[in-house]
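In: Sequence first, predicted model second:
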Amino acid sequence: MSRCKILNDLIQARTALPVPGVYDAFSARLVEQAGFQACQISGFGVAAAALGLPDVGILSMRDQINAVQSIANAVDIPVMADGDTGFGNALSTFHTIRLMEAAGAAGINIEDQTFPKRCGHMNDKSVISAEEMVQKVRAAVAARRDPYFVINARTDAIATDGVEAAIARANAYLEAGATLIFVEAPGTREDIETIVRGVRGPVSISMVGAPGSRTPSVNLAELREIGVGRVSYPGVTLSSAGAAMRRALAALAADGDLLKIEHELMSAADLTAVVGLAAERAREQAFAS
């Protein structure tokens, strides 16, 4: 069974599939080893980790393809790509899908923001017309080679036009062939319930979880009861890594004694286990015999 089919089936079950955000192969390996069934490449995470910059449309299609290639090659679970706005018009979206799928993605997010886009919980967002986004979704459907490749059509229309307008867009994108609808930044739990009732297909909700985010934190069990199809946790790996690094570096800067921060660090054995050193050594020996 293809990774596209695995991911599609998990989403269609509408049991709030938890999908942590990842930004490189190492974070993706940690997600897989923690037992999660899929991961989502975070554009914010890739921009922050690779460039030290915010997610404001700076990453190119090639940057995102490179991220997909390294991450999908490192894990066996399905990997969803971040396709931003399709990097242009419907034709650009068509080629984005072709290249992302060829790179190993099992699905992709495509959003209806204008370019340059903004991270979903930033201010001053704007959206293209629903008709233009429908064209992009149709292009994505036409481009995919595996019929189960997941097209996650994201709308940021809550920020500009409200919940009901976002639901109307969501249903138009489903009619155009989207697999899943990502309605960004609902403001309340009640908004999430309204969206799930109103959207005629699986719904993805993002749990950013950081102070100041627009969506309140709702636990996975509640989202499962509501009937959400997928729950993304885009910042969990980057935020936790950043917090741990900041603590360890502050302690090291204070007195220069690594022994005092051993409890903050992964052991050498843990690190080599994450990256699969034992398996690589075994493969090396097999070639030599």
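Out: Structure received.
In: Mind jotting down where the strands sit in the stretch 101-250 of the chain?
Out: In order along the chain, the stretch 101-250 of the chain carries the following strands (DSSP state E, counting those that start in this stretch): 107-111, 150-155, 180-183, 203-206, 230-233.
In: contacting residues around L53?
Out: Taking C-beta atoms under 8 Å, 6 or more residues apart in numbering as the definition of contact, the neighbours of L53 are A47. For glycine as for every other residue, the C-beta is placed from the backbone atoms N, C-alpha and C.
In: Surely V137 touches N171?
Out: No. The pair formed by V137 and N171 falls short of the contact definition of C-beta atoms under 8 Å, at 11.8 Å.
In: I'd like to know the phi and psi angles of A185, please.
Out: The phi/psi pair for A185 (degrees, to the nearest 10) reads phi 60, psi 50.
In: What pLDDT is listed against it?
Out: At A185, the model reports a pLDDT of 90.
In: quick one on the thing from earlier: L10 is nearest to which of the strands of the stretch 101-250 of the chain?
Out: Nearest to L10, of all these, is strand 230-233, at 8.0 Å by C-beta to C-beta.
In: Pull the residues that contact the closest one.
Out: If you take C-beta under 8 Å, 6+ apart as the criterion, strand 230-233 is touched by 10-11, 16-21, 40, 152, 180, 182, 202-209, 220, 223.
In: mind redoing it with 6 Å?
Out: By C-beta atoms under 6 Å, 6 or more residues apart in numbering, the residues outside strand 230-233 that reach it are I11, A16, L17, P18, V19, P20, Q40, S204, I205, S206, M207, L223.
In: Kindly format the C-alpha coordinates of it as CSV.
Out: Included here for strand 230-233 are C-alpha records, laid out as CSV according to Å, rounded to 0.1, in the frame of the first residue of the first chain:
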residue,chain,number,x,y,z
ARG,A,230,-6.6,15.6,11.1
VAL,A,231,-5.0,17.7,13.8
SER,A,232,-1.7,19.3,13.0
TYR,A,233,0.8,20.4,15.7
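In: what about that strand, average pLDDT?
Out: Strand 230-233 shows a mean pLDDT of 96 in the predicted model.
In: Pairing partners for that strand, with directions?
Out: strand 17-22 (parallel), strand 203-206 (parallel) (DSSP bridges).
In: Show me what the longest one is in contact with.
Out: Read that as strand 17-22. When contacts are defined by C-beta under 6 Å, 6+ apart, strand 17-22 is touched by residues 10, 28, 31, 36, 38-42, 45, 220, 230-234, 236-237.
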